Each structure stands twice: as structure tokens, then as C-alpha cells.
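> Quick check, what structure comes out for this input:
(4 chains)
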Number of protein chains: 2
Amino acid sequence: MGEQRAERADAARNRRAILGAAEELLRSHAPDEVSIERIAAAAGVGKGTVFHRFGSRVGLMRALMEERVRALGEAVAGGPPPLGPGAPPRDRLVAFLDAVVGVAARNGRLITAHDHALATRRHAEGRLTDNPVYLSWHAHVTSLIAEARPDLDADLVAHVLVGSMHNEGVARLLLAGESERVAAGMRAMAESLLR
Amino acid sequence: MGEQRAERADAARNRRAILGAAEELLRSHAPDEVSIERIAAAAGVGKGTVFHRFGSRVGLMRALMEERVRALGEAVAGGPPPLGPGAPPRDRLVAFLDAVVGVAARNGRLITAHDHALATRRHAEGRLTDNPVYLSWHAHVTSLIAEARPDLDADLVAHVLVGSMHNEGVARLLLAGESERVAAGMRAMAESLLR
DNA sequence: ACAGAACTTGACCGACGGTCCAGTTAGGAG
DNA sequence: CTCCTAACTGGACCGTCGGTCAAGTTCTGT
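Here you go, the predicted model:
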């Protein structure tokens, strides 16, 4: 498992340019209007470069997502309660769902775009539930539920809760700026559920 | 609003053949392996005929879905309690979710295929939340929740519950034959939620 | 300064949903 | 039974898009 040789400077510059262009385009267009060629053009690189860097459309979206989500992951693993360790599971779950809704709201169509990429992939490439972000969110929620309500099917309930970030009805509210309403609703559900 | 002239006999025969072929192919293949051309070939008709009958890939999937869901809709509107009117909302919701999980389990990849068609559509054609089936399920669940728990955001919670039938984590359990587990989990959630 | 690994590029490919229209056929009117 | 026409059929064709690749270019360690 030797350390890989570092990325060349020009390559790193292009990676940033591509990520930035994709983010910008996704801010103002639906995912199916944002082809890879368009992203490449906006980034000032060739289409081949995008695939060289990210492997596929799904890979690009995944990279975009991981970038936007890193801070939350760190806060959960080692930050202060109630997000980090130390608080009771019910409070941690409420705080976590709040944070997740916040991320989803701030990043508009990103999750939608990732799901869209998954649905339109040409070559098999794993499922939503193989996505590292989904996986870690689901694992976290599962363990909190299992701790607070051992009688529930934690795995399933976690899918329902985390999966709602990939739910069109919910996504529409988020895009419409009603993130506070979504956060409140999720909070109410979490509180009803963990009793 | 005049009554349309009835469908010609050969057209009706082909409609059945297409629906049957699609269902059969979906039983044993992932949605992205089932192109319209393949369905047409299996049905023994030309590709053009499929589009003439159903308008688009989404239209075909929608027709398939509505066919498989009609009985449930009738039971909800006019059947005996607890599915039909008369029972308390909590019981009706539990019964309804049970029935919905049953439909989803019995029809394997159908819902997935419908969502896939929506995601890969070439021309705008409405969203999941415009689908008559989704719409009616969501409306029903919303009204039951609103009646039993006026303090909850019924619309949002209904999206989360109904949307889980379109959730990959849940769909995988269903495909794996664990529908009893899904039903039990949904039941537990519904009971925790409506108190 | 140089070698060679890393990177870039855009023409090209295959797949697929959807369109179109020339040709065929059902089935009611007379 | 014949005829007329609206309904239906089918498959060649189109545009788009994700992904590939071989040939050329540019870093960068020595």
C-alpha cells in the first residue's frame, strides 16, 4: 500500500476547474441539462480530461459530493456533542439529521445530480448504497437507532430516513427554499421514532 | 368529453403483448438491460408500435404500474375496513402500508423500472410526484396522518413514507424476498409516528 | 538538458429513446 | 360483398450522450 506519487500541478489545477465548473452549472440547471461535454467546455478542458480525472459521470458527482460533505463527517466522528460523540442517541440523531438537511439544502441539485448519474450510467458501477457518503450516513443513523430503540429494525429505518434525502418530494421542498420545514419535519419524525 | 372510439382489435392485442413482454423481461433483468427495442422484439412488434401505444418509455412503465395497482386503489376507496373507510386512521395507515409493501414486493423491479425511465427520459415529461399512482398514495397517506396527528407535517411525512417504496435500500430488501421484514418495519414506524 | 511518466485532447463508437412516413389492415357503411 | 378511410404498423433514421483511445504535449526529477 505505498503512497501514490502526488498529482501533477497542471492536473490538480484542472481537477479544481472541473469541480468548480460542474458545481456552477448544477447551480442553475437541471442535471439532465448538464452533460460532461458542457462541464468540460465550461472548465476549459477537453472531455477526455474529465474522464481521465474522474473515471465516469458518477465518479465526478461522487467527488463533488465527498468534497461538500467532509466537514460533516469530521464533526460527527470527533466534534463536540450533540453532533459528535457524548450526547444521548436521540439528541445525536436529531442533530445529525439537521446537519444532513442543511448540507442537502445548501448543495441544491447535487444529490439529485448524483442519483441521476447513477440512473443513466452506461457501465455497471455500483449502487447508491455503495456510495461512501450514503454508506457512512446510513451506518451512523443505524447505530444511533439501534442504541435508542433496539426493538426497531434499525437498518431499515435508517434507509427510510437517510433515503429521504434522495426522495423527489423532499428534494423539491429543499430546492424551493423550505429547508427549515424539512428540518422540522425530520426532527419531529426522529423524536417520535426514538422514544 | 365524448367517449373515444374503442381501440381496434389488433391494437388491443398488441397492447397486451407489449405489456406482457415488458413484465416478463423485467422479471429477470435490471431495468437498464431492458430497452424498448428488446421489449418490442419480445412482443413480436416493431419499436414504433410501442411508442404509438404508450407514447414513451415512461408511459409504458406507468401503464404497467397502473394495471398492477388498480385493485388496491379500489379497496382503499370502497372496500371493507381497515383498508377501506371506517377504521381509525392509525389502523388504516398500517393496513395501507402493508398493502403497498405487498404490491411492491409482488411486482419486483416494476417501481425501479419506472423510476429509471423517469431518470433517463429524453424529453420533459413530468416528475415522479406527477405520477397518478404516487399522487394518490401520497394523498391518502397525507390525509390519514393529518387526521391522527395534526401537529405533524403530514405532507412531508407522507413523502418520506410513500417515497421509501422508491428507495434503493428498501427496494433491495424487497427484491431479496424480505418483504415481511419491510412490512414489519414500516408498520412499526407508522405506529410510532401516529400516536 | 533530457528521458519518460503523466497528462491532454477531440474524433470516434455504440446504445438508446424517440420520430416519421410509406405501406397495411380492420371493420363500418352502403 | 366491396369499398373507403381512419387506425395501425414497422423499421430506417436521427440526435444526444457517456465513454474510449491513440497520438501529441507538458511536467518534473535527476
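> Against DNA strand C, how distant is the residue sitting nearest the centre point of chain A?
In chain A, the C-alpha nearest the mean C-alpha coordinate belongs to A:M65, at 5.0 Å (C-alpha atoms, centre = their mean). Distance of A:M65 to DNA strand C, given as C-beta to the nearest atom of the strand, to the nearest Å: 21 Å. Glycine gets a C-beta too; all of them are placed from N, C-alpha and C.
> cool, A:S28 as well?
Counting by C-beta to the nearest atom of the strand, the gap from A:S28 to DNA strand C is 23 Å.
> Contacts only, for that residue.
Residues near A:S28 by C-beta atoms under 8 Å, 6 or more residues apart in numbering or on different chains: none.
> Show the pLDDT at it.
Note for A:S28: predicted pLDDT of 94.
> how about stretch A:30-42 as PDB, C-alpha atoms only?
Output of stretch A:30-42 as PDB, limited to C-alpha atoms (Å, rounded to 0.1, in the frame of the first residue of the first chain):
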ATOM      1  CA  ALA A  30     -31.300  20.500 -14.000                       C
ATOM      2  CA  PRO A  31     -28.900  17.600 -14.000                       C
ATOM      3  CA  ASP A  32     -30.000  16.300 -17.400                       C
ATOM      4  CA  GLU A  33     -29.100  19.600 -18.900                       C
ATOM      5  CA  VAL A  34     -25.500  19.300 -17.700                       C
ATOM      6  CA  SER A  35     -23.600  16.900 -20.000                       C
ATOM      7  CA  ILE A  36     -20.000  16.100 -19.400                       C
ATOM      8  CA  GLU A  37     -19.000  17.900 -22.600                       C
ATOM      9  CA  ARG A  38     -20.700  21.000 -21.200                       C
ATOM     10  CA  ILE A  39     -18.800  20.800 -18.000                       C
ATOM     11  CA  ALA A  40     -15.600  20.300 -19.800                       C
ATOM     12  CA  ALA A  41     -16.200  23.300 -22.000                       C
ATOM     13  CA  ALA A  42     -17.000  25.500 -19.000                       C
END
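> quick one: contacts of that stretch?
By C-beta under 8 Å, 6+ apart, the list of residues contacting stretch A:30-42 reads A:18, A:21-22, A:24-26, A:46-47, A:49-51, A:57, A:60, A:109, A:112-113, A:116-117, A:120, B:121.
> Now with 6 Å, please.
A:A21, A:A22, A:L25, A:K47, A:V50, A:R57, A:R109, A:T112, A:A113, A:H116 (C-beta atoms under 6 Å, 6 or more residues apart in numbering or on different chains).
> Would you point out the most distant pair within those?
A:K47 and A:T112 (22.5 Å; C-beta to C-beta).
> and the residue nearest to the centre of chain A, what helix or strand is that in?
A:M65 is part of helix A:57-78 when elements are defined by DSSP states H and E.
> number of nearby residues for A:D10?
8 (other C-beta atoms under 10 Å in any protein chain shown).
> re earlier: and which of the contacts of stretch A:30-42 is nearest to chain B?
Nearest to chain B among the contacts of stretch A:30-42 is A:H116, at 5.7 Å by C-beta to the nearest C-beta.
> Would you state the helices of chain A in chain order?
With DSSP state H as the criterion, chain A has helices at A:9-28, A:36-43, A:47-54, A:57-78, A:89-106, A:110-120, A:132-148, A:154-163, A:168-175, A:179-193.
> Make CSV out of those helices and add distance to B:M165.
Compiled in CSV, the helices of chain A are given as follows (distance: least, C-beta to C-beta, whole Å):
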stretch, distance to B:M165
helix A:9-28, 27
helix A:36-43, 31
helix A:47-54, 32
helix A:57-78, 24
helix A:89-106, 21
helix A:110-120, 16
helix A:132-148, 18
helix A:154-163, 10
helix A:168-175, 12
helix A:179-193, 17
